[in-house]
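Trainee: The following block contains a protein sequence and its predicted model.
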Amino acid sequence: MSTKTTFKRVALVAVAALGFGMLSAVPSNAAQELSSATIVSQDSTCSVGTPTKATIAMSYVALGDLIALHGAAFYAVPSTSSRYTEEESLVWANVADMSVNTNSTAGLIYQNYTTDVGAGIEGNWSKYTVGAQTLAVAGGRASVYLTLTFTPDKAGSYMVRVFGAPHVTKDAQFVDWNVTCAAPTVSATASTGYETATDSTTQADFNQVDNNAGYAAASSTVGNLAGVVNVKQSSGSTSTPLLVGGKITVTVSGAGLVKLVDLGAACTSTDAVRALTGGSTALSQKICMYSDGSSGVGTFKWSTGSTVLGSTTATFYGAPATYTASINNAVIQVGTAVAASTTGMSNGNRRSVQVVVKDANGVSVPGALVYMNSSNKTAISGNYQLATSDALGRARFDLEGNAAGTSSLTFTNRASGTASTPTTEITAGPLEVRVGSTTADKVTLAFDKSSYLPGEQAKITVTVTDSKGNAVPRGIYSLFNSALGSSLPLTTGSTPGTVVSAASCADAYGVPTASGVTCSAGSTQTSPVLSAGQVWISGSTGVATFTVNMPSISGAVTVSGTVSTYLGSGLSANAGTAISATATVEVNAGTQLAIDTAQAATDAAAEATDAANAATDAANAAAEAADAATAAAQDAADAVAALSAQMATLIAGLKAQMTALTNLVIKIQKKVKA
C-alpha cells in the first residue's frame, strides 16, 4: 500500500469517525492507543487580526500503519465571531525544531477537515473540526510537537479543545487552550473630528481638506445650526481596528446646544441639550451644534470614557451693531485686484480695506452686508460697492485704481443714499487710500544699526520710491543688476536681489504646503519666485526687509552692488548707479571687559592650579619623610625591645647566682656554729 493511498484512506476513515460518530475503532492498520495531548506553550492573550498559537505535544502508542490522528475544534468563541463558520480557521503545523519528536520522522503529514460533527463528539463543538495525522517510525510509544494557530476576528475569549484517542470521539482525552483577545481601544490622535457648515449623511463630505473647524457660526435665534462635527473613532491600527465605537459624551460651555446622531441620521434641534452621553456605539457619529438663543462663542468638547477626543468652537451672533474699518494696503496700483494663485502673488488692490462687523456683545457677525463709497472716483472706483462679512465677521473689499490720486473710503449698512433700512444706520471710515505708480525711480539701502556684535542679527532694508518720492505699491521689482554682495561672509541670511527658486505656498486655511515654482492644486503663493536682482515688496510702504546674521569676525561689512540699468525703463537718474550700505562688526567696551575679566579669571585659575600642584608635591614629600621617620622609629623600638629582653635575661641570671651564693653562706654559717 502506498503512503499516499494510506493517507487518503486514513483521512476518510477519520472523517467518517468524526462525522458520524458511528465507528467504534479506527481500522486495524491505522490506530493509536494510550494517547494524550498536553500544551507545551500557549498564547494566553491575543489581538484581533493577528495570528495566535499554542504548541501541543501529542503522545500515543502507534499501531498498524503507525499513523495517529488528533483533532482540534473551537469549543467557545465570542458571540459575534465567524470562527464557527470558517473552514480552516484552525491550522496545524510542525514546530520549527522537530528534534523534540520521539519515534517520529515526519511530524505532521496531513490535515483534514470535517464539516459535519456527529453525536460522538462531546458537547456543542464547532461545525468545522481539523484533524492532524502524524507518522511514527516504528510501533510503540511516539510523540510529536505541533503548532496550532488561528487568527481571532473578534474581541473576547476563545477556547480550543484538542483531543486524541480513543478514536477521536467523545471518549477522547482532551486538553483545552484558552486565549482572550482584548478589545482594541480608541486613540485620540487617530480619531478624527472634521466639520462642515451644513449637515450631511455622506462620510466623504467630512474630510481634512474641506474641514470647517473654527468657522462654525449661526444666528443666535434658537434652533439655528452653526455646524456639524463628524467624530470618527479609530484605534489607529489596521491590524486591530475598532469594531465598535465608544459611547460619546459631549459638553457645551458658553453659548449653544448639542444633538448627537449617527452619520446616517439627519441633524435636528429637537431635544438639543447642554450636555449628553449618547447611547450609540457607531464608529462614525455627528455632533450637531445649535443656537440656544444667546450670542457668544460656544466650546463643544467630546470624549468617550476617560479619553478626550477633541473640541471645537461655534459662534452664535446677534444683529450687526458696530463696524470697525481698517486698511490692509494703503497704496494700490492702477487696475483691478489680482488674487494669489498657484503661479503668482496677489497685488495690493486685493482686499485692500476691510470692515469687521460685530453684534452688541462684541461677537463677530458673518453674512452681514457692508457697502463702500469712494470720495474720489477718478482715483478709486466705489459707489455702494458691496462686500459680505466672512465667518470671522470681515467684509473685505477689492479696490479698482483708475488713476494716480487719493480717495477717502467710507462704509455703511445701507445700500443707497436714499435707503431708510436698516432702521439704524451703521457707518465707519473714512480710510485714506492712494493709487501709486509701479515704476520705481529711486532705491536706497540701509542697515538698522551702525554696529553689531559678531553673529548678531541685523536687518537690511531696501526702500523703493517712484518719481514723486512716494512709496511704490505691493509687487515684484527688478532693482539690481544682480544679487548684492557682502564684503565679509554673513553667518546666515541672503542679501537683497538673491535668487529665490521656489515660491512658498499655503492652502485655503493658511497651512503651509510644499514649495515650488508652481504651488499644488488648492494652494496659492505666499511669497514669490524671484530672479537675480529682483525684490518683493509685500506691503504698501515700499520697503523690503532682509534679516541676516552678521559675520563672526570683526570689521566693516559692506553690502553693495549696482542699481538696475533698466530702473524706471532706463529713464531714472539712478539707473546703473552703485549702491551700498556699511555697518561695523566690533567688540564693544563692555564685551571686551567681559572677555578681559574672563581671561583674568582663567589665568588666576591656572595659577591656582599650579599652586595646588606645588602644595600637593610638598605634601607628598612630607608624607614620604614621615614614612621614613616612622620606619626609623620602628627600627629603634625593635632594638630597644631586643635589648630589654637581653637585660632581663642577664638580671634573671644574676639573681639566680646571688640566690645560690646566699644559700652557700648560710650553710657555712651553720657549720661554723656547729
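Mentor: Received, thanks.
Trainee: Contact partners for the nearest residue in space to Ala138 that is not next to it in sequence?
Mentor: Among residues not flanking Ala138 along the chain, Asn103 sits closest, at 6.3 Å (Cβ to Cβ, 6 or more residues apart in numbering). (Glycine included, C-beta is placed from N, CA and C.) Contact analysis of Asn103 by Cβ atoms under 8 Å, 6 or more residues apart in numbering lists 62, 136-138, 140-143.
Trainee: What's the local residue count around Gly227?
Mentor: 27 (other Cβ atoms under 10 Å).
Trainee: Need the three-state assignment for it.
Mentor: strand (DSSP: H, G, I helix; E, B strand; the rest coil).
Trainee: roughly how far apart are it and Val543?
Mentor: 41 Å (Cβ to Cβ, to the nearest Å).
Trainee: next one: Leu369
Mentor: 36 Å.
Trainee: Next up, the contacts around the closest residue to Ser235 other than its chain neighbours.
Mentor: The shortest distance from Ser235 to any non-neighbouring residue, by Cβ to Cβ, 6+ apart, is to Pro184 (4.0 Å). Residues in contact with Pro184 (Cβ under 8 Å, 6+ apart) are 47-48, 155, 235, 237, 240-243.
Trainee: Tell me the secondary structure at Pro184.
Mentor: coil.
Trainee: Could you give the number of residues near Ala483?
Mentor: Using other Cβ under 10 Å, Ala483 has 18 other residues around it.
Trainee: any idea which helix or strand carries it?
Mentor: Under the criterion DSSP states H and E, no helix or strand holds Ala483.
Trainee: from now on call the first residue 48
Mentor: Right, with 48 as the first residue, what we last looked at is Ala530.
Trainee: hang on, it packs against Gly608?
Mentor: Yes - if you go by Cβ atoms under 8 Å, Ala530 and Gly608 touch, sitting 7.2 Å apart.
Trainee: which residues of the stretch 498-647 of the chain score low on pLDDT?
Mentor: 635-643, 645 (pLDDT under 70).
Trainee: if I've got this straight, Pro288 is in a strand?
Mentor: No - Pro288 is assigned coil when assessed by three-state DSSP, not a strand.
Trainee: Please report the number of neighbouring residues for it.
Mentor: That count, for Pro288 with other Cβ under 10 Å as the rule, works out to 14.
Trainee: From Ala518, how far off is it?
Mentor: 59 Å.
Trainee: And for Gly187?
Mentor: From Gly187 over to Ala518 (counting by Cβ to Cβ), the distance is 105 Å.
Trainee: do the same with Val209
Mentor: For Val209, the distance to Ala518 - Cβ to Cβ - is 88 Å.
Trainee: the more surrounded of those two?
Mentor: Between Val209 and Ala518, Val209 has the larger neighbour count (other Cβ under 10 Å), namely 26 against 19.
Trainee: Between Ala530 and Gly608, which contacts overlap?
Mentor: Contacts common to Ala530 and Gly608, judged by Cβ under 8 Å, 6+ apart, are Gly544.
Trainee: Distance to Met105 added to the contacts of Pro231, as CSV?
Mentor: Formatted as CSV, those follow (distance: Cβ to Cβ, whole Å):
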residue, distance to Met105
Ser94, 28
Val95, 29
Ala202, 30
Ser282, 38
Ser284, 35
Thr287, 32
Pro288, 36
Leu289, 39
Leu290, 35
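Trainee: Adding pLDDT as columns, could you present these in a markdown table?
Mentor: Formatted as a markdown table, those follow (pLDDT from 0 to 100):
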| residue | pLDDT |
| --- | --- |
| Ser94 | 84 |
| Val95 | 81 |
| Ala202 | 83 |
| Ser282 | 91 |
| Ser284 | 83 |
| Thr287 | 75 |
| Pro288 | 82 |
| Leu289 | 84 |
| Leu290 | 79 |
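Trainee: Fine by me, thanks again.
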